[in-house]
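Enquirer: starting from these lines, generate the structure:
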Amino acid sequence: MFLRRVARPLMMMAKVKETTGIVGLDVVPNAREVLISLYSKTLEEIKAVPEDEGYRKAVESFTRHRLKVCREEEDWESIEKRLGCGQVEELIEEAKDELKLIGHMIEWKPWGIPDDYECEVIENDAPVPKHIPLHRPGPLPEEFYRTLEAVSTNTLEDAVSRSKKDEPAIASGEQQSK
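Expert: Here you go, the predicted structure:
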């Protein structure tokens, strides 16, 4: 009787996630604490990557932001809403994957390529099978080619002034017809 009257309303007030709705991804009841731990560990491990590397800058930036949100918010719904990057359980998986990647990046050292390194480019003229799409972009607008020509001949200002003369001016308050 006591549990029905007292405990049930308390449980209803606490937002308990029953499922993620994603097959194979279980609910993590202490997701906030797990995320704070993973993000703190990520910020420690990324220090092994040189400071001027883009990878380190990107990882530090988004990890600091996510860690800040996790420290400021108390419940999983608020964290998910503020980050807008999926469920907290998905964020946990992403953080674990990022830690693995940091380990690989430290091992591979992709930033250690010498400036004088030359790689061999192999071109294969074999025909592409018909079932594979070529993904060739469509033609660019004529305006692109005019602008490119103007930039390469240092006449960009002339091209801009010409294009302004061609377009009708719209005074403030007037409606643009479509």
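Enquirer: how far is the biggest helix by length in the chain from where the chain is centred?
Expert: In the chain, assigned by DSSP state H, the helix with the most residues is helix 88-108. Chain-centre distance of helix 88-108: 14 Å, with C-alpha atoms, centre = their mean, to the nearest Å.
Enquirer: same question, stretch 21-29
Expert: Counting by C-alpha atoms, centre = their mean, stretch 21-29 comes out at 23 Å from the chain centroid.
Enquirer: that stretch: which residues count as buried?
Expert: Within stretch 21-29, the residues that qualify as buried are residue 28, counting by 16 or more other C-beta atoms under 10 Å. For glycine as for every other residue, the C-beta is placed from the backbone atoms N, C-alpha and C.
Enquirer: do the same with stretch 73-87
Expert: For stretch 73-87, by 16+ other C-beta under 10 Å, it's 73, 76, 79-80, 83, 87.
Enquirer: just stretch 45-63 next, same as before
Expert: 45-46, 49, 56, 59-60, 62-63.
Enquirer: now stretch 108-115
Expert: Neighbour counts over stretch 108-115 (16+ other C-beta under 10 Å) mark no residue as buried.
Enquirer: go on, stretch 145-152?
Expert: Buried residues in stretch 145-152 (16+ other C-beta under 10 Å): residue 150.
Enquirer: mind checking which helix or strand residue 77 is in?
Expert: Residue 77 belongs to helix 76-83 when elements are defined using DSSP states H and E.
Enquirer: hmm, back to that, what would the buried residues of stretch 45-63 look like in JSON lines with pLDDT?
Expert: Below are the buried residues of stretch 45-63 laid out as JSON lines (pLDDT from 0 to 100):
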{"residue": "45", "pLDDT": "98"}
{"residue": "46", "pLDDT": "98"}
{"residue": "49", "pLDDT": "96"}
{"residue": "56", "pLDDT": "96"}
{"residue": "59", "pLDDT": "97"}
{"residue": "60", "pLDDT": "97"}
{"residue": "62", "pLDDT": "96"}
{"residue": "63", "pLDDT": "97"}
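Enquirer: show me those residues that map onto helices.
Expert: Counting by DSSP H, these place 45, 56, 59-60, 62-63 in helices.
Enquirer: of those, which pair is most distant in space?
Expert: 45 and 62 (14.7 Å; C-beta to C-beta).
Enquirer: returning to that earlier point: what is the nearest of the ones in helices among the buried residues of stretch 45-63 to residue 144?
Expert: Nearest member of those to residue 144, counting by C-beta to C-beta, is residue 62, at 33.4 Å.
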